[in-house]
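>>> A predicted structure for the sequence below; I have some questions about it.
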Amino acid sequence: MRIIMHIDVNNAFLSWEALFLLEHGYKYDIRNSYAVIGGKEEDRRGVVLAKSTPAKKLGIVTGESLYSARKKCKVLKIYEPHFEYYSKMSNMMMELIKNYTPDIEVSSIDECAIDYTKIEYLYGNYFEFAKNLQKEILEKLGFTVNIGIGNNKLCAKMSSDFSKPFKIHTLFDNEIEAKMYKLPIEDLFGIGRKTAPKLKELGINTIGDLAKSSELLLRKHFKNQAYDMITRARGIDNTEVISTIIEAKGISRSTTLKQDTKNLSKLYSIIELLIEEMGIELRKKNKYVSVVSTFIKNSSFKVISHQKKILNPTNNDLVLFKIAKELLNEIIKDEEVRLIGVRFDKLVDFKKEQMSLFEEGSNEKIDVLDKTVDNLKEKYGLNVINSASKLKNML
């Protein structure tokens, strides 16, 4: 019997920010206070990226404006994200799991899947292994995870979301009808916020309703997506756990959105933050990017990507963001995006000079400024200096 585990960090950004602050002298754990992670409103990043449990109980949700969140909680504290630290914690968790198996499929910074079938003979009962893994991550790294267990990746993912935090759930083939069919349709992995209302208009309110639906009927409304939707609702997924290989000559960052979206402003903000984080890594290693790729996964789980070769290799955030944004505009069309990412390839140790900031490269003055800004960001957070002021100082 196939046994797949899905490991999901509980409230990752908030948990990791709490650990960062505690390491830097904070006297209390913000996970127990009215707290959110968010960017500066004047820097177009004034949205809630993560919220504490107390803040969630007041109705604060991921993606809403900080202005709206403050109206719900007058004592709300807003903390700017430290993405480089989040990456560090993510990498530490992945390395810990690699002590048990090298076969890890990383789906986002805070989620991964393993095929336990291959190592069951080494570690025994799957539930005991999951409990021990949870405990080790908490004791060594300081944060909690949910673990979902099923006969395929879809069911393992679904079960990891049943209830949180610090829980282990199963969703095996013989449990699908009892545990999954009763859930509201919007809880099905891959059903976007715009698809759910359309299904409800057809009288499909639960996952079970969808599982029992006529493919012929749904094709009239959803075309080729109909078969995939019904298959997922029945808990069927034959895809393998594919090990994530990190190439030495490239780096990438991606994030899975809590809700599918077409909102370009939100997507621009996300890739800008991803690039800032990657830019710090590039400049630490004195690497320059020759190829930029922007990629998305849509609500039908189709991956779409475009890339561009850079004539003058660069590690300047503004230049890289400009290119990544143009690539996103080329691929977005009418897609509902559930995952978005950026990849830098063909990293080199040298660069060419150029005349214009917005051509593909940077000069020595900009390089020095970038590294100065990086030092400030590492100490005070990514948003200590915003792009507008940075650009103004360069012109």
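Noted; the coordinates are in hand.
>>> contacts and neighbour counts: CA atoms only from here.
Noted.
>>> in what helix or strand does Glu330 lie?
In the assignment (DSSP states H and E), Glu330 maps to helix 317-332.
>>> For the very next helix or strand once past that helix, which outside residues touch it?
Downstream of helix 317-332, the first helix or strand assigned by DSSP H and E is strand 337-345. Applying C-alpha atoms under 8 Å, 6 or more residues apart in numbering, the external contacts of strand 337-345 come out as 190, 192, 249-262, 267, 271, 274-275, 289-299, 324.
>>> which one is Ile30 nearest to, not counting chain neighbours?
Ala18 (5.5 Å; C-alpha to C-alpha, 6 or more residues apart in numbering).
>>> And that neighbour, how close does it get to Tyr26?
9 Å (C-alpha to C-alpha, to the nearest Å).
>>> centroid residue for the chain?
Thr255 (2.3 Å; C-alpha atoms, centre = their mean).
>>> circling back: how far does the helix holding Glu330 sit from its chain's centre?
18 Å (C-alpha atoms, centre = their mean, to the nearest Å).
>>> do stretch 83-97 as well
13 Å.
>>> Check which residues of it are buried.
The neighbour-count check on stretch 83-97 (16 or more other C-alpha atoms under 10 Å) flags Phe83, Glu84, Tyr85, Tyr86, Ser87, Met89, Ser90, Met93, Met94, Leu96, Ile97 as buried.
>>> thought the fifth one was touching Ile109?
Yes: checked against C-alpha atoms under 8 Å, the pair Ser87 and Ile109 is within contact range at 6.9 Å.
>>> quick one on the thing from earlier: and Ala18 and Tyr26? Which one has more around it.
Ala18 (23 against 12; other C-alpha atoms under 10 Å).
>>> The more buried one: which element?
Residue-wise, Ala18 maps onto helix 12-23 under DSSP H and E.
>>> what does that helix contact?
28-31, 36-37, 49-52, 81-82, 85-86, 89, 110, 142-143.
>>> CA atoms only: put that helix into PDB for me.
Backbone C-alpha positions of helix 12-23 (Å, rounded to 0.1, in the frame of the first residue of the first chain) are rendered in PDB as follows:
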ATOM      1  CA  ALA A  12       4.700  29.600   8.600                       C
ATOM      2  CA  PHE A  13       5.500  33.300   8.200                       C
ATOM      3  CA  LEU A  14       4.000  34.300  11.600                       C
ATOM      4  CA  SER A  15       5.800  31.400  13.400                       C
ATOM      5  CA  TRP A  16       9.100  32.100  11.700                       C
ATOM      6  CA  GLU A  17       8.900  35.800  12.400                       C
ATOM      7  CA  ALA A  18       8.200  35.000  16.000                       C
ATOM      8  CA  LEU A  19      11.300  33.000  16.200                       C
ATOM      9  CA  PHE A  20      13.300  35.700  14.400                       C
ATOM     10  CA  LEU A  21      12.100  38.300  16.900                       C
ATOM     11  CA  LEU A  22      12.800  36.100  19.900                       C
ATOM     12  CA  GLU A  23      16.400  35.500  18.600                       C
END
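>>> Going forward, the N-terminal residue is numbered 4.
All set: I'll call the first residue 4, so the last point we hit is now helix 15-26.
>>> I'd like the next helix or strand past it.
Following helix 15-26 toward the C-terminus (DSSP H and E): strand 38-41.
>>> centre of the chain versus the helix or strand harbouring Lys223, how much separation?
Lys223 belongs to helix 218-225 when assigned by DSSP H and E. On the basis of C-alpha atoms, centre = their mean, helix 218-225 sits 31 Å off its chain's mean C-alpha point.
>>> Can you tell me what sits against it?
By C-alpha under 8 Å, 6+ apart, the surrounding residues in contact with helix 218-225 are Gln228, Ala229, Tyr230, Ile233.
>>> In it, which residues have enough neighbours to count as buried?
Glu218, Leu221.
>>> could you pull out the helices for the stretch 54-203 of the chain?
Along the stretch 54-203 of the chain, counting by DSSP state H, counting those that start in this stretch, helices occupy 56-60, 69-75, 86-101, 123-126, 129-144, 156-163, 179-182, 198-204.
>>> Output these in a markdown table, with mean pLDDT and distance to Val306 appended to each entry.
Listed next are the helices of the stretch 54-203 of the chain as a markdown table, based on pLDDT from 0 to 100; distance: least, C-alpha to C-alpha, whole Å:
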| stretch | mean pLDDT | distance to Val306 |
| --- | --- | --- |
| helix 56-60 | 94 | 32 |
| helix 69-75 | 92 | 31 |
| helix 86-101 | 92 | 23 |
| helix 123-126 | 93 | 32 |
| helix 129-144 | 97 | 31 |
| helix 156-163 | 96 | 17 |
| helix 179-182 | 97 | 27 |
| helix 198-204 | 92 | 18 |
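>>> Show me the shaky parts of the stretch 104-253 of the chain.
Scanning the stretch 104-253 of the chain with the threshold set as pLDDT under 70 gives 247-252.
>>> same thing but at 90, please
Applying pLDDT under 90 to the stretch 104-253 of the chain flags the ranges 105-106, 109-112, 192-198, 220, 223-228, 243, 245-253.
>>> which residues does the residue nearest to Ser257 when sequence neighbours are not counted form a beta bridge with?
Once flanking residues are discounted, Ser257 sits nearest to Gly344: 3.8 Å by C-alpha to C-alpha, 6+ apart. When assigned by DSSP bridges, Gly344 has beta-bridge partners Ser257, Phe298.
>>> where does Gly344 land on pLDDT?
What the model reports as pLDDT for Gly344 is 91.
>>> what's the offset of the longest helix seen in the chain from the middle of its chain?
If you go by DSSP state H, the chain has its longest helix at helix 267-287. Offset of helix 267-287 from its chain centre (C-alpha atoms, centre = their mean): 13 Å.
>>> and the angle for it with helix 86-101?
Helix 267-287 and helix 86-101 are oriented at 80 degrees to each other (axes from the mean of the first three to the mean of the last three C-alpha atoms, to 10 degrees).
>>> Report the buried residues of helix 267-287.
So helix 267-287, judged by 16+ other C-alpha under 10 Å, has buried residues 270-286.
>>> Pull the number of nearby residues for Glu333.
Neighbour number of Glu333 under other C-alpha under 10 Å is 12.
>>> residues contacting it?
His309.
>>> cool, Lys101 as well?
Here Lys101 is in contact with Ile107 (C-alpha under 8 Å, 6+ apart).
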